[in-house]
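Participant: what follows is a protein structure lacking sequence information:
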């Protein structure tokens, strides 16, 4: 173990400045014996660190390697397992419990004893020792040595101190010089003692001999101290001389600093004066332009614009708040001088600029107000030439002239917002009155053309184009025509359409209207085409002239017109009470609402007129208005035009829904004659007309979904009311009413190929087929009644269990009874019955649907089916009897063909 201890100290701990105090050979408990060593070490440098190190011998060579180390401070418990019996096992409690088995109990006890000593000396008894013999702990501290352990004689713990290489070399040389150094240790020790005494004597003699030299050295030191004192005196005199030079240099430096500060202040003052002169000086030409410049000519406007910009630059100069100067008299570094705005010259110049601004703002506002008024007068003079044409006056020249003042309006907006707002209000007031006159006259012409050019205008009492319909809201229920003498004051009522609607026009009248639908569509399209560029041009002008930014709104915003399904929707704006302006874009919208406040009511009046002329006009208006709304929203969904057209689209959609509701109501209110046959119901024919017209109008339209919803409502109403009329019919059988009308519906849907009504088309076909079959069976009945009763009895006997070939043995159903029944139906009687049946069917069916031959062919097939059934029963129940019917299938075919040809 000593050799291992030496090897570990040399190879592992000495390079790390550590000393090995104790070692124990251990292996882990409960596992294969892989031996290793636990070593207790201390560092050679202070502060001393005590560690427990695990060392393992390498498998590949005869050397050791360090595996893991724990500081003794982390050790909480040492468990020796048994304090009485000898047991090589023990536990060390670090961050977890390590269980060890020592190679011998003695090594374990020595290691635990060393740990206990280190705990006593360095950790002040922090480690708990469990199951450790008290005798072992007492032996570790001999009597009289407690102070040594706690006080700190390190030799009590250090049992071994290794020699360094030089000491080893000296000992080897000394031992080589003595032959008996190993064989006779006592003689060698006595020799070493004698040599040590000799060396001690020599040392003493050397010390005594060097006393004279020490005295000489002391004398030299005294002389050196005297020289130092003299040097210090000279240095003091030099320091006094340098002090006077320093004071002179400080005064020179302070004077230079004051000169520098004075120059700096002069440069700053010059810079400030140049700044004020350069930025607060307005040229005389600019002043003259602001005071007397011509605002009517292009050159004068340009001069005034440049002068206004120069004035604005002078007034917007950022004046500096203050300047820092050095006052050499008061020895103060920073003296605050008042800012630019406190200077009298600056105040006077600013006041002059303010007066110029006020004067020019008044001139500009007054001139522009005069321009607005003049525009109203000039434009009114051109209204007469547009009164007979469906066109709106062009405002482009007026806009072009006013746009020359756009930069001046921007200047006014930034300098005097009150006058800018006043001009904005005046512009809206003048232009709103002008546009109101123009738009009302424009719509009056549109109404005259809409009613005067249709052939049906004569029916309504409109004669020529000399009169015109008023566009006020109060005149919607009673349309009046004004005389040509005075269009706005004198009026005479020519017609009263208040109670007239599309329901008052029969199908023949409506076909006449279809010829004029194209003319109505042209007028309506012309109205929208004239309004759109007018609104867009005015909105663009307002944005440019009043310098209001109009940005595209966020995609995805929807106006109320995009979400219409016949419900009530609130308007997005009210022309009477302007909305609060939250942005420039809102201001543009508010101005457009004020200027064009009459567009929406006039459009609604025009739409109401078109709806009263023919409710089917709502189809045209819905498609056209939807297209224009979609176009306007692609440009700007939140613009005035988009919003207004969207609101009008609400009215059009409501009229369309009302048209559909009226048709459904007419279906429910239809009455049929009790004396004549029903035929094709009027609302079925009207649905065919509506669908044909709608398909031609809504081809490739944006609002196809609205038509599909209307189709669904109408076809449901048609189905329900056809069945209702069929149930109420007295003259015509129910199956005939159902069959003819559903055949007509099926033919209509098949021809038009309406994709959303595919299910209804199949349903109509099924109802037609079912009721055709039902009518055939009901009308045909039992043409061979007695024979039919006979065979019903035969089938009843078979059902009771009698075999078919034994039925002929039954008394009531023998061959004689069969022959007797057959003789009652000769061919002549059969033909007579079929002829009566044909006449009856011809009386039930209507001519326009042309279903007589279809029904007659179905009856022929049903009669043949019954004949084959009887033949089959005779063959199965009366085999070999030779009994047959007195007519054949060919006879039936001939009878049916001759009857059909004779009629």
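Facilitator: Structure received. All values derive from a computational prediction rather than experimental measurement.
Participant: from residue 4, how far out is residue 406?
Facilitator: Here the distance between residue 406 and residue 4 works out to 105 Å (CB to CB, to the nearest Å). (Glycine included, C-beta is placed from N, CA and C.)
Participant: correction: residue 839
Facilitator: 138 Å.
Participant: the two: which has the busier surroundings?
Facilitator: Counted by other CB atoms under 10 Å, residue 839 and residue 4 do not tie: residue 4 has more neighbours, with 14 against 10.
Participant: so that one makes contact with residue 37?
Facilitator: Yes: at 7.4 Å, residue 4 and residue 37 qualify as touching, with contact defined as CB atoms under 8 Å.
Participant: avg pLDDT for the longest helix seen in the chain?
Facilitator: Here the longest helix in the chain is taken by residue count, with DSSP state H as the criterion, and it is helix 211-279. Averaged across helix 211-279, the pLDDT comes to 86.
Participant: next structured bit after it?
Facilitator: helix 284-292 (DSSP states H and E).
Participant: buried ones in that next one?
Facilitator: 286, 287, 289, 290 (16 or more other CB atoms under 10 Å).
Participant: try stretch 262-282
Facilitator: 265, 276, 280, 282.
Participant: which residues of the stretch 751-900 of the chain score low on pLDDT?
Facilitator: In the predicted model of the stretch 751-900 of the chain, residues 781-783 satisfy pLDDT under 70.
Participant: all helices for it, in order.
Facilitator: Assignment of helices within the stretch 751-900 of the chain using DSSP state H, counting those that start in this stretch yields the ranges 758-780, 785-799, 815-823, 827-844, 852-877, 889-902.
Participant: could you dump those helices to JSON lines with distance to residue 690?
Facilitator: Listed next are these as JSON lines, based on distance: least, CB to CB, whole Å:
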{"stretch": "helix 758-780", "distance to residue 690": "14"}
{"stretch": "helix 785-799", "distance to residue 690": "48"}
{"stretch": "helix 815-823", "distance to residue 690": "57"}
{"stretch": "helix 827-844", "distance to residue 690": "28"}
{"stretch": "helix 852-877", "distance to residue 690": "27"}
{"stretch": "helix 889-902", "distance to residue 690": "36"}
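Participant: who wins for proximity to residue 422 among those helices?
Facilitator: For residue 422, the closest of the helices of the stretch 751-900 of the chain is helix 758-780, at 64.0 Å, according to CB to CB.
Participant: that closest one packs against which elements?
Facilitator: With contacts defined as 3 or more CB pairs under 8 Å, 6 or more residues apart in numbering; DSSP states H and E, the packing partners of helix 758-780 are helix 704-728, helix 734-752, helix 827-844, helix 852-877.
Participant: distance of the closest residue to residue 275 other than its chain neighbours from residue 270?
Facilitator: Spatial nearest neighbour of residue 275, excluding adjacent residues (CB to CB, 6 or more residues apart in numbering): residue 320 at 7.8 Å. When CB to CB is the yardstick, residue 320 and residue 270 sit 14 Å from each other.
Participant: ok, now residue 300?
Facilitator: The separation that residue 300 has from residue 270, given CB to CB, amounts to 39 Å.
Participant: what about residue 703, how many neighbours?
Facilitator: Residue 703 sits with 22 neighbouring residues when counted by other CB under 10 Å.
Participant: give me the phi and psi for it.
Facilitator: In this entry, residue 703 is assigned phi and psi values of phi -100, psi 50 (degrees, to the nearest 10).
Participant: which pLDDT value goes with it?
Facilitator: Reported pLDDT for residue 703: 75.
Participant: ok, it touching residue 624?
Facilitator: No: the pair formed by residue 703 and residue 624 falls short of the contact definition of CB under 8 Å, at 10.5 Å.
Participant: most tightly surrounded among the helices and strands packed on helix 758-780?
Facilitator: For the helices and strands packed on helix 758-780, the largest average neighbour count (mean count of other CB atoms under 10 Å) is found in helix 734-752, namely a mean of 22.
Participant: show me the strands in the stretch 351-500 of the chain, by range?
Facilitator: Secondary structure of the stretch 351-500 of the chain, counting by DSSP state E, counting those that start in this stretch: strands at 481-482, 491-492.
Participant: out of the buried residues of helix 284-292, who's nearest residue 391?
Facilitator: The nearest one, if we look at these relative to residue 391 and count by CB to CB, is residue 289, at 41.3 Å.
Participant: what distance do you get for the residue lying closest to the closest one once chain neighbours are set aside to residue 364?
Facilitator: Taking CB to CB, 6+ apart, and ignoring the residues beside it in sequence, residue 289 has residue 307 as its nearest neighbour in space, at 3.9 Å. Distance of residue 307 to residue 364, given as CB to CB: 11 Å.
Participant: also residue 794?
Facilitator: Looking at residue 794 against residue 364, where the rule is CB to CB, the gap reads 115 Å.
Participant: check residue 788 too.
Facilitator: Here the criterion is CB to CB. By it, residue 788 lies 108 Å from residue 364.
Participant: then residue 541?
Facilitator: Residue 541 sits at a distance of 18 Å from residue 364 (criterion: CB to CB).
Participant: and if you look at residue 137?
Facilitator: Residue 137 is 111 Å from residue 364, where distance means CB to CB.
Participant: please identify which of these two sits among more neighbours.
Facilitator: residue 364 (24 against 15).
Participant: mind checking how far residue 176 is from residue 169?
Facilitator: When distance is defined by CB to CB, residue 176 is 11 Å away from residue 169.
Participant: ditto for residue 118
Facilitator: Computed as CB to CB, the residue 118 to residue 169 distance reads 33 Å.
Participant: before we move on, what about residue 234?
Facilitator: The separation that residue 234 has from residue 169, given CB to CB, amounts to 56 Å.
Participant: can you check residue 63 too?
Facilitator: Relative to residue 169, residue 63 is positioned 25 Å away (CB to CB).
Participant: neighbouring contacts of whichever strand or helix holds residue 685?
Facilitator: Using DSSP H and E, residue 685 falls within helix 682-697. The set of residues that contact helix 682-697 without belonging to it, under CB atoms under 8 Å, 6 or more residues apart in numbering, is 507, 510, 514, 517, 616, 619-620, 623, 663, 666-667, 670, 707, 710-711, 714-715, 717-718, 721-722, 741, 744-745, 748-749, 752, 754.
Participant: what pairs with residue 25 across the strands?
Facilitator: residue 37 (DSSP bridges).
Participant: for it, give me its contacts.
Facilitator: Counting by CB under 8 Å, 6+ apart, the residues that residue 25 touches are 1, 35, 36, 37, 102, 103, 104, 107.
Participant: most widely separated two among these?
Facilitator: Spanning the widest gap among those are 36 and 104, at 15.2 Å by CB to CB.
Participant: show me which of these two is the more surrounded one.
Facilitator: It is residue 36, of residue 36 and residue 104, that has more neighbours when counted by other CB under 10 Å, with 18 against 13.
Participant: how about residue 82, secondary structure?
Facilitator: Using DSSP: H, G, I helix; E, B strand; the rest coil as the criterion, the local structure at residue 82 reads coil.
Participant: local confidence estimate at it?
Facilitator: At residue 82, the pLDDT recorded in the model is 86.
Participant: what's the answer for residue 599, then?
Facilitator: Reading off the per-residue confidence, residue 599 sits at a pLDDT of 89.
Participant: quick one: it from residue 425, how far?
Facilitator: Taking CB to CB as the measure, residue 599 falls 20 Å from residue 425.
Participant: surely residue 310 is in contact with residue 281?
Facilitator: No: in this structure, residue 310 is not within contact of residue 281 by CB under 8 Å, at 9.8 Å.
Participant: on that earlier part again, off-centre distance for the helix holding residue 685?
Facilitator: Computed by CA atoms, centre = their mean, to the nearest Å, the separation of helix 682-697 from the middle of its chain amounts to 43 Å.
Participant: tabulate the buried residues of stretch 262-282 (a markdown table), appending distance to residue 445.
Facilitator: Output for the buried residues of stretch 262-282, formatted as a markdown table (distance: CB to CB, whole Å):
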| residue | distance to residue 445 |
| --- | --- |
| 265 | 81 |
| 276 | 65 |
| 280 | 60 |
| 282 | 55 |
